[in-house]
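Peer 1: the sequence and its predicted three-dimensional model are supplied below.
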Amino acid sequence: MGGNQTSVTELILLGFCVSPRIQLLLFGLFSFFYAFTLLGNGAILGLISLDARLHTPMYFFLSHLAVVDIGYSCNTVPRMLVNLLSPTTSISFAGCITQAFFAFTFALTECLLLVVMSYDRYVAICHPLRYSAIMSWKVCISLVVTSWSCGFFLALLHVSLTLRLPFCGPHEINHFFCEIMSLLKLACGDTSLNQVVILVACVFTLVGPLFLVMVSYTRILVAILRIQSGEGCRKAFSTCSSHLCVVGLFFGSAIVMYMSPKSSHPEEQQKVLFLFYSLFNPMLNPLIYSLRNAEVKGALRRVLCKERRAQLG
């Protein structure tokens with residue numbers, strides 16, 4: 001049952017079972033979404049680094065969320081675009097395992113970052129006078145390092161358990177990237193331990209974090225309703241509603257993919273769910289934060305004004 005029994009050296013990602021004309025259309029559409037994802041998240045990172053007013057814990061966490069979104073998209077989308085143009089293109093077994101590892105790392109890290117961001121909003125709204133003391137830069141860095149470390153080591157655990165299995169065929173993965181559950185279907189050995197570990201990981205990285213986020217926002221909602229100032233209430237609600245939109249998109253699609261019965265979601269339907277999770281979420285995150293966040297829009301205006309003055313000068 002060791003890795004030396006692995007005889008599969010190359011795999012073929014089947015991608016989307018559609019006509020060549022539709023594949024070409026999807027290539028153009030997904031390429032646009034991918035470019036928008038990179039530009040949108042890149043703009044968020046640029047604004048946060050250039051505008052000193054955004055050098056706060058909230059935007060520090062948001063910058064790491066943008067890095068995760070860029071990383072996840074770069075890990076899955078280019079291979080999907082290649083497969084749309086050349087469906088029979090193969091990927092090495094080592095490359096497939098590497099892609100699965102990074103997909104898991106970025107996904108798990110995002111789960112934990114969203115919890116950290118909800119805690120940050122809870123402290124900012126429910127304990128504003130103690131915010132600077134509680135959310136010190138030392139604490140913020142520790143939370144981010146913990147999120148990345150947990151994502152890395154949990155992904156390493158999943159990949160290590162996968163590598164212990166023998167892979168002797170078939171050579172085709174019915175997906176557009178090397179998703180771990182689809183990869184396990186090719187294993188010749190017993191995958192029950194892998195399935196149990198994935199289920200336990202989902203409980204601790206999806207259900208648990210979602211519960212913590214809901215607790216945080218329940219208390220935040222109570223605090224917002226107590227705010228006397230209409231402007232303060234509106235600002236608090238605007239900031240938190242942006243984060244809630246991101247949380248809903250991410251956890252909703254992830255829980256449906258990993259915790260609902262697989263029989264209720266045919267393979268083609270699962271691909272659509274993963275597409276929403278791997279392409280649309282990273283694209284929508286900067287859009288949600290930029291359109292619903294006055295500070296981000298203000299930072300963008302200040303950066304553009306600086307550039308305009310520099311050109312005129």
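Peer 2: On my side now, so go ahead.

Peer 1: show me where the protein has helices.
Peer 2: 20-50, 57-85, 93-126, 131-134, 137-163, 180-184, 192-202, 208-226, 230-259, 267-275, 281-292, 294-312 (DSSP state H).

Peer 1: adding distance to Leu14, mean neighbour count and mean pLDDT, write these out as JSON lines.
Peer 2: Heads up, the C-betas are built off the backbone N, CA and C, glycines and all. Below are the helices of the chain laid out as JSON lines (distance: least, C-beta to C-beta, whole Å; neighbours: other C-beta atoms under 10 Å; pLDDT from 0 to 100):
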{"stretch": "helix 20-50", "distance to Leu14": "12", "mean neighbour count": "16", "mean pLDDT": "90"}
{"stretch": "helix 57-85", "distance to Leu14": "8", "mean neighbour count": "21", "mean pLDDT": "91"}
{"stretch": "helix 93-126", "distance to Leu14": "13", "mean neighbour count": "22", "mean pLDDT": "90"}
{"stretch": "helix 131-134", "distance to Leu14": "49", "mean neighbour count": "13", "mean pLDDT": "92"}
{"stretch": "helix 137-163", "distance to Leu14": "19", "mean neighbour count": "16", "mean pLDDT": "94"}
{"stretch": "helix 180-184", "distance to Leu14": "10", "mean neighbour count": "20", "mean pLDDT": "84"}
{"stretch": "helix 192-202", "distance to Leu14": "22", "mean neighbour count": "14", "mean pLDDT": "86"}
{"stretch": "helix 208-226", "distance to Leu14": "32", "mean neighbour count": "16", "mean pLDDT": "83"}
{"stretch": "helix 230-259", "distance to Leu14": "18", "mean neighbour count": "17", "mean pLDDT": "70"}
{"stretch": "helix 267-275", "distance to Leu14": "9", "mean neighbour count": "16", "mean pLDDT": "74"}
{"stretch": "helix 281-292", "distance to Leu14": "23", "mean neighbour count": "20", "mean pLDDT": "76"}
{"stretch": "helix 294-312", "distance to Leu14": "40", "mean neighbour count": "13", "mean pLDDT": "68"}
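
Peer 1: any chance of JSON lines for those helices, columns distance to Glu172?
Peer 2: Output for the helices of the chain, formatted as JSON lines (distance: least, C-beta to C-beta, whole Å):
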{"stretch": "helix 20-50", "distance to Glu172": "17"}
{"stretch": "helix 57-85", "distance to Glu172": "12"}
{"stretch": "helix 93-126", "distance to Glu172": "12"}
{"stretch": "helix 131-134", "distance to Glu172": "52"}
{"stretch": "helix 137-163", "distance to Glu172": "17"}
{"stretch": "helix 180-184", "distance to Glu172": "10"}
{"stretch": "helix 192-202", "distance to Glu172": "20"}
{"stretch": "helix 208-226", "distance to Glu172": "34"}
{"stretch": "helix 230-259", "distance to Glu172": "21"}
{"stretch": "helix 267-275", "distance to Glu172": "12"}
{"stretch": "helix 281-292", "distance to Glu172": "27"}
{"stretch": "helix 294-312", "distance to Glu172": "44"}
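
Peer 1: mind listing what Pro286 touches?
Peer 2: Neighbouring residues of Pro286 by C-beta atoms under 8 Å, 6 or more residues apart in numbering: Thr37, Gly40, Asn41, Ala43, Ile44, Ala66, Asp69.

Peer 1: how much space separates the residue nearest to the first one when sequence neighbours are not counted from Phe33?
Peer 2: Computed as C-beta to C-beta, 6 or more residues apart in numbering, the closest residue to Thr37 that is not its neighbour in sequence is Met283, at 4.3 Å. As for Met283, its distance to Phe33 is 5 Å (criterion: C-beta to C-beta, to the nearest Å).

Peer 1: before we move on, what about Gly208?
Peer 2: Taking C-beta to C-beta, one finds Gly208 at 31 Å from Phe33.

Peer 1: ok, now Leu184?
Peer 2: Taking C-beta to C-beta, one finds Leu184 at 28 Å from Phe33.

Peer 1: what of Met80?
Peer 2: Taken as C-beta to C-beta, the span from Met80 to Phe33 is 11 Å.

Peer 1: who's in contact with Trp137?
Peer 2: So Trp137 contacts Pro57 (C-beta under 8 Å, 6+ apart).

Peer 1: again, 10 Å this time
Peer 2: Residues near Trp137 by C-beta atoms under 10 Å, 6 or more residues apart in numbering: His55, Pro57, Phe60.

Peer 1: next: Ser253.
Peer 2: Leu273, Phe274, Leu275, Phe276, Tyr277, Ser278, Phe280, Asn281.
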